[in-house]
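In: here are the coordinates; sequence isn't available:
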């Protein structure tokens, strides 16, 4: 990974603002600045893993933690009718920021296939 901080590292370091829904030692959950659903939150590990396809085996617990935090945030935001969890990987997968993150989308009925 290149040595420049990603957008998400700058948010975690409070160099730029973020609308936080959750934060702990391992990750943060912030509102997406370009929401694709009424509720769109990004769950981002503080450890700068470029993408899920490059996550080391040692990140197994962290990856599970991200999903559990997404579920916790969904409950907090009362997404009782359901929600979608998405992880984009690489340019063709829709990845816009080269720092692993989980999208939590809800507040409307999701279509299938997604896109």
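Out: Thanks, I have it. All figures in this text were calculated on a predicted structure; none of them were measured in a lab. Numbering: from 1, shown residues only.
In: and the strands in this protein?
Out: In the chain, the segments counted as strands under DSSP state E are 20-23, 27-31, 39-45, 83-86, 102-106.
In: just checking, what packs against the lowest-mean-pLDDT helix or strand in the chain?
Out: Least confident helix or strand, the chain: helix 7-12 with a mean of 94, by mean pLDDT, DSSP states H and E. Counting contacts by 3 or more CB pairs under 8 Å, 6 or more residues apart in numbering; DSSP states H and E, helix 7-12 packs against strand 27-31, strand 39-45. C-beta coordinates here come from the backbone N, C-alpha and C atoms, glycine included.
In: of these, flag the one that's most buried.
Out: Mean neighbours per residue, mean count of other CB atoms under 10 Å, is largest over these for strand 39-45, with a mean of 23.
In: picking up where we left off before, could you dump the helices and strands packed on helix 7-12 to JSON lines with mean pLDDT?
Out: Output for the helices and strands packed on helix 7-12, formatted as JSON lines (pLDDT from 0 to 100):
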{"stretch": "strand 27-31", "mean pLDDT": "98"}
{"stretch": "strand 39-45", "mean pLDDT": "98"}
